[in-house]
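A.B. asks: Show me how the following folds:
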Amino acid sequence: MDSFGYHGGFRYHLCPSSQGFVQFALAGVGYGMIAENQALSVPLYWHFWRHSGHTIQFLTTRLERFFNRAS
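C.D. replies: Numbers count the residues shown, from 1 in each chain. Predicted coordinates for the structure are as follows:
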């Protein structure tokens, strides 16, 4: 975090196993990337602040286009 100019502490959780991480995410304690062979089929939602800048708006537009074509 020092390389990004942040020198304070931050909250985090340590989960020593991949299965524990899946259970952690399913419990709603956190989120992250889970290996495809461990993932469950659940609906996903894209959350963002409308005034969060050009980059997020660009990404949002691209995601909407991609998923509208895929469905």
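
A.B. asks: just checking, what packs against the helix or strand where T60 lies?
C.D. replies: Counting by DSSP states H and E, the element that carries T60 is helix 54-70. Counting contacts by 3 or more Cβ pairs under 8 Å, 6 or more residues apart in numbering; DSSP states H and E, helix 54-70 packs against no other helix or strand. From N, CA and C alone the C-beta is placed, and that goes for glycine too.

A.B. asks: for the residue nearest in space to the middle of the chain, what are its contacts?
C.D. replies: Closest residue to the average C-alpha location of the chain: G32 at 5.2 Å, with Cα atoms, centre = their mean. By Cβ atoms under 8 Å, 6 or more residues apart in numbering, the contact list for G32 reads F21, A25.

A.B. asks: change it to 10 Å
C.D. replies: G32 makes contact with C15, F21, V22, F24, A25, according to Cβ atoms under 10 Å, 6 or more residues apart in numbering.

A.B. asks: Also D2?
C.D. replies: No contacts exist for D2 under Cβ under 10 Å, 6+ apart.
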